[in-house]
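Participant: here's my sequence, what's the structure:
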Amino acid sequence: MKKIASVLASTAIVSMASGAAFAEKWDMPLAYPATNFHSENAAMFAQCVTDATGGELEIVTHPNGALFAGNDIKRAIQTGQAPIGERLISAHANENPLFGVDSIPFLATSFDESHKLWDAASEEMAKVLDEQNLVYLYAVAWPPQGLYAKKEINSAADLQGVKFRAYNAATARIADLAGMAPVQIEAAELSQALATGVVESFVSSGSTGVDSKVWESLTHFYDVQAWLPRNVVFANKDAFEALSDEVRTAVTTCADEAGTAGNAKAEELTAGYLKTLEENGMTVAKPSEELRAELAAFGETMTNEWVESAGEVGASIVEDYRAQ
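Facilitator: You can find the predicted model right below:
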């Protein structure tokens, strides 16, 4: 018994020591390039925490999928392979419909509407993440999503058979409704997929288009303003709860500031991204009335499908959002 007690005591000491070391430096995987505004905002958040804690907790960002690929980040945080990270939350709508609330086409199509929808959903979102051993810290919207293509698109018929990048359940469903061929491609792989013809079209923000220099492969951008998906930053709950009260407060305070700053930056940059696309030879245009009506019909179908899949919680979120 004495030997067992001695072993247990030694193990506890090692665990405490490793836990303290773990809390001193947090590696933060990011899926997007260092120059992307989400990554820049995450770097400012990391510096804020490092400064606010006097170096007691240092957060180091690893952009462009360098530490974990985008689709592996959430699982890595849940399982403690990394203590904190950022992920496009709608990419996990197959786990829980709530993760796709920000990507219901044409439900919230402006920054103001997007913030209202997120306000209606964020409490439930935090609960779901908590059940998955994650602590919700902040979320930042992407600019409104537009349609990229390598030819003129005047109606849904022009999209038939087009190889379409699908990065979440919503984009895969749009591909299905429009008769396109969906291809699962992460942001870090998009440029190569476009260059090799694996992808011919996709729906994303002007930011992604500029990051990937899509004008090297595509010719048109239609400003359909389909939705404003969000990147969510969350921490491993065990790692977060192991921090002192003071450090946890610093993390949440910096997170609140990062959410506000990131969303303001997204709105500020939106017009500039479209101008950059145009300056590099792309046709930037509003969708035709026919295409707009067809996409809106897809959106209505998908809103109803989402509410059905999300049940009473989903119905309540949409109701609260529309009541604002």
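Participant: quick one, helices of this protein?
Facilitator: Here the chain has its helices, by DSSP state H, at 2-24, 37-52, 70-78, 111-131, 169-178, 190-195, 206-211, 237-241, 245-279, 289-323.
Participant: need those helices in a markdown table (columns: mean neighbour count).
Facilitator: Bear in mind the C-beta positions are built from the backbone N, C-alpha and C, glycine included. Converted to a markdown table, the helices of the chain look like this (neighbours: other C-beta atoms under 10 Å):
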| stretch | mean neighbour count |
| --- | --- |
| helix 2-24 | 10 |
| helix 37-52 | 20 |
| helix 70-78 | 21 |
| helix 111-131 | 17 |
| helix 169-178 | 21 |
| helix 190-195 | 18 |
| helix 206-211 | 23 |
| helix 237-241 | 16 |
| helix 245-279 | 17 |
| helix 289-323 | 16 |
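Participant: and for the residue most central in space within the chain, nearest residue in space, chain neighbours not counted?
Facilitator: In the chain, the C-alpha nearest the mean C-alpha coordinate belongs to L88, at 1.9 Å (C-alpha atoms, centre = their mean). Distances taken as C-beta to C-beta, 6 or more residues apart in numbering put N231 closest to L88, at 5.5 Å, once the chain neighbours are dropped.
Participant: quick one on the thing from earlier: L30 is nearest to which of the helices of the chain?
Facilitator: Evaluated over these, closeness to L30 peaks at helix 37-52, with 5.1 Å, by C-beta to C-beta.
Participant: which strands or helices does the closest one pack on?
Facilitator: The helices and strands touching helix 37-52, judged by 3 or more C-beta pairs under 8 Å, 6 or more residues apart in numbering; DSSP states H and E, are strand 58-62, strand 134-141, strand 230-236, helix 245-279.
Participant: between helix 245-279 and the first one, find me the angle.
Facilitator: Calculated by axes from the mean of the first three to the mean of the last three C-alpha atoms, to 10 degrees, strand 58-62 forms an angle of 30 degrees with helix 245-279.
Participant: for the closest residue to D223 other than its chain neighbours, the count of nearby residues, please.
Facilitator: Among residues not flanking D223 along the chain, G146 sits closest, at 4.9 Å (C-beta to C-beta, 6+ apart). The local packing of G146 (other C-beta atoms under 10 Å) involves 26 other residues.
Participant: next: I89.
Facilitator: The tally of other residues near I89 (other C-beta under 10 Å) stands at 26.
Participant: how about the one 5 residues further on?
Facilitator: Counted with other C-beta under 10 Å, residues neighbouring N94 total 11.
Participant: check contacts around the nearest residue to it once chain neighbours are set aside.
Facilitator: For N94, ignoring the flanking residues on the chain, the nearest one in space by C-beta to C-beta, 6+ apart is A169 at 5.7 Å. Contacts for A169 were tallied using C-beta atoms under 8 Å, 6 or more residues apart in numbering; they are 90, 93-94, 100, 103.
Participant: at 10 Å what do you get?
Facilitator: Applying C-beta atoms under 10 Å, 6 or more residues apart in numbering, we find A169 in contact with 90-95, 97, 99-100, 103, 302, 305-306, 309.
Participant: check the gap between it and R292 for me.
Facilitator: A169 is 23 Å from R292, where distance means C-beta to C-beta, to the nearest Å.
Participant: how about Y136?
Facilitator: Going from Y136 to R292 by C-beta to C-beta gives 34 Å.
Participant: same check on S90?
Facilitator: Separation of S90 from R292 (C-beta to C-beta): 22 Å.
Participant: that'll do, ta.
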